[in-house]
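Q: Predicted model follows, preceded by the sequence.
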Amino acid sequence: MVAYNAALRQDPNLDLSEFIPRYWRTETMTYNIAPLLQEHLARGTALILLDGLDEVFESAERTRVVARVKAFLEKWKRDNRFVVTSRIIGYRDAPLDTAGLAHFTLQDFTEDEIRWFALNWWSAYIRSLRGDTAAAREEATREAERLTATIFRDPGVQSLATNPLLLTILALIHYSGKELPQKRFELYELYVKTLITSWSRHRTLAREALGSLEEVEAIKILAPLALWMHREHPAGTAPRQESEKQIQIYYAQKMTTEEAGAAARGFVDSLRKYTSLLVERGENADGFLHLTFEEYLAARGAIFAGQVNRAAIFDTLCPYLYLPAWREVVRLTAEHLSIIAKEEATASLFVCNILRDTPSPKQDQGKNTVLAGACLLNVGAAGVEKDVWDDTRDALFRTMTARDVPPATRRDAGITLGDLGWQPKDLDEMLPVPVGEFIFQDKRRTLSAFEIGKYPVTNAQFKKFVLAGGYGNPQGWSVEGWKSREKEKWERPRLWDDTRWNNPLQPVVGVSWYEAEAYCNWLKEETGKDYRLPTEEEWEKAARGEKGKTYPWGKDFDPRRANTGESGLRATSPVMMYPDGKSDYGVCDLSGNVWEWTSSLFSQKEPYPVLRGGSWDLDQGYARGASRFGYDPRNWDIFVGFRCARSFST
């Protein structure tokens, strides 16, 4: 996609079907594949892989590329197959929303998948050396077991290994005989060092790293180069002559202009030949091996810019803070200052400056807080001063609950807050709803006093049930519920490991009515209090009050008070994100976010449990306090959760 974007600058109307043969003929082969491509597209037998949509950094250019890709898909979608890849960061600004295109998010590796990868990686490597023999297979198994044992011995290393790219790097470092690092920045640093020193020595007859260049000096050249390339050539590809000019600046401090030019050319040539850190991307054009390493080195470049005055580090990155392409650079900068350089005060100052920054466009409001929080995720509470840690979490809460901040930024703030381990003090609070009349489905009724959860049950709360063995104890389940659990082999909510839904502050989803009931029974046993699912009459009174409001807050819908389809979030949000959407009794999230199971049945003809409240994927009409429908108790979904109720206690 980066190369296609560059071509579109010259010809904005260039079709992908024309570009692909041109690209392959330039980069890989002299054979013209255009007739072959056209034939398979016309027959509906083509499989087209389009990689790196996120690496088109400029927003306007990404929008243009997306438009061209959409046109291409619409033209050729009959029977052909297409795969388009992108990082999550930046995709939301210009999504590829072509009809019929399914979206999938790659999940982190599980422990079993890490073991599977390690065995296959070592098998491929040993096989390339010794052939596919029994002895080679035994050796691969031993090495894979050594690698996984090392990974699982340390939680920090294990967290890195869940990422496929980082696991690949871990395998390479393990192969070289070095100790595996615990942090991302340490991992990138060690990998780059390995490429510059060990690998280059093995690839040259003279066994010298980049000529006479030492690793420290190489980083001093590469870091400013990466920072320059990330800023001036966001597509990740720069003309070789321009790159050499940037490198020449370093050498010009030590030699004549002519000598510096020759040294720069030699450096680029050696870098491409022996380390693979810089790779050819077109005629006389180069880019870094992977965006990850460009970001790592760009962070090092920002830190080098602040060698004399540490405040200059923030000044260097300030113009780019809210561009998705610079997010990782900023986070890696904080990580290096805190963890590698062990400059807690400098790291704290850096995060503080981000926190105090004032984004000028309205759509960027609150992004400084989210970015500061993301930096804390990298370094942890021990990596910055306590005041900075506390101030950032407080700011994240204010951003999450601020009505005037864009919904996506509010959600990002809440998700970051959950990832930082913050929990509200009132998470388990049960709010009283007094005895009295109210309007139920446009008819007046009288209801006894009861208590209802202030929030839907969150992942953090449901986790206690999972860890307590709730899925293995039939005593807390109904007969039909336990039969369903056994038949379907439920051991946890179906989306438990999916990062889109499993933040501690998000409502638990992927649970059937039977699981919601079992949770309430378990909580009742744990506390000795009468926890249960609310009836739909109780739910409606808690939502609409005595006067039967349309929405918990009043008559008119307000998208700033609830997570519905109008918000455009396309996912659940932290349960305390909308305090302005609470009902007369102080109950939150009764409108939108997730449909909630109740203990009532829809009708005699449809004896299914009633769902109430609407959700993130439907519009405001379904989020009305009176909206209801029945749902099979065995079903689970990404838009269904629940909250608890109990009989009133004094």
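A: Yes, it's here. Numbering: from 1, shown residues only.

Q: Give me the phi and psi for Pro361.
A: Reported as degrees, to the nearest 10, the phi and psi values for Pro361 are phi -70, psi 140.

Q: ok, now the one 5 residues further on?
A: According to degrees, to the nearest 10, the main-chain angles of Gly366 amount to phi 90, psi -10.

Q: how many neighbours does it have?
A: As a burial measure, Gly366 scores 23 neighbours (other Cβ atoms under 10 Å). (Glycine included, C-beta is placed from N, CA and C.)

Q: ok, it - contacts?
A: Pro359, Thr399, Ala402, Val405, Pro406, Thr409, Arg410, Ala413 (Cβ atoms under 8 Å, 6 or more residues apart in numbering).

Q: For those residues, work out which two are farthest apart.
A: Pro359 and Arg410 (14.2 Å; Cβ to Cβ).

Q: And those two? Which one has more around it.
A: With neighbours defined as other Cβ under 10 Å, Pro359 and Arg410 compare such that Arg410 has more, 27 against 16.

Q: Next up, the contacts around the more buried one.
A: So Arg410 contacts Gly366, Thr399, Met400, Thr401, Ala402, Ser573, Met577 (Cβ under 8 Å, 6+ apart).

Q: okay, Ile20: pLDDT?
A: At Ile20, the model reports a pLDDT of 89.

Q: Need the pLDDT of the residue nearest the centre of the chain.
A: For the chain, the residue sitting closest to the mean C-alpha position, by Cα atoms, centre = their mean, is Ile88 at 6.1 Å. For Ile88, the model assigns a pLDDT of 73.

Q: check contacts around it.
A: Ile88 neighbours (Cβ under 8 Å, 6+ apart): Thr105.

Q: now it, what's its secondary structure?
A: When classified by DSSP: H, G, I helix; E, B strand; the rest coil, Ile88 comes out as coil.

Q: Look up how far Thr499 lies from it.
A: 9 Å (Cβ to Cβ, to the nearest Å).

Q: ditto for Asp619
A: 26 Å.

Q: Identify all contacting residues around stretch 60-73.
A: Under Cβ under 8 Å, 6+ apart, the answer for stretch 60-73 is 1, 4-5, 8-9, 12, 14-17, 50, 53, 56, 82, 84, 90, 93-98, 101.

Q: Test my guess that Phe438 contacts Ala542.
A: No - Phe438 lies out of contact with Ala542 (Cβ atoms under 8 Å); the separation is 9.5 Å.

Q: out of these two, which sits in the more crowded spot?
A: Per other Cβ under 10 Å, whichever of Phe438 and Ala542 has more neighbours is Ala542, with 27 against 20.

Q: For the more buried one, grab phi and psi.
A: According to degrees, to the nearest 10, Ala542 has phi -60, psi -30.

Q: what's it in contact with, if anything?
A: So Ala542 contacts Leu431, Val433, Ile452, Pro534, Ser583, Tyr585, Val587, Leu590 (Cβ under 8 Å, 6+ apart).

Q: all helices of the stretch 151-300 of the chain, in order?
A: Using DSSP state H, counting those that start in this stretch, the helices of the stretch 151-300 of the chain run over residues 155-161, 164-175, 184-194, 200-202, 215-232, 240-251, 257-274, 291-305.

Q: What count of nearby residues applies to Gly586?
A: 16.

Q: can you offset everything so residue one is 325?
A: Right, with 325 as the first residue, what we last looked at is Gly910.

Q: List the contacts of it.
A: Counting by Cβ under 8 Å, 6+ apart, Gly910 has contacts Leu755, Lys778.

Q: In a strand, it, correct?
A: No - read with three-state DSSP, Gly910 is coil and lies in no strand.

Q: How much space separates it from Ala726?
A: Using Cβ to Cβ, we find Gly910 at a distance of 19 Å from Ala726.

Q: same question, Val481
A: 38 Å.

Q: Just the residues contacting stretch 455-472, thanks.
A: 438-439, 442-443, 445-447, 449-451, 453-454, 494-495, 498.

Q: Kindly report the same for stretch 370-381.
A: 325-326, 329, 340, 344, 361, 364, 386, 389-390, 393, 400, 404-411, 413-415, 420, 558-560, 615, 647-649.

Q: low-scoring pLDDT stretches of this protein, where are they?
A: For the chain, applying pLDDT under 70 flags the ranges 350-354, 381, 413-414, 417, 521-538, 598, 973-974.

Q: Select the longest strand from it.
A: In the chain, assigned by DSSP state E, the strand with the most residues is strand 919-925.
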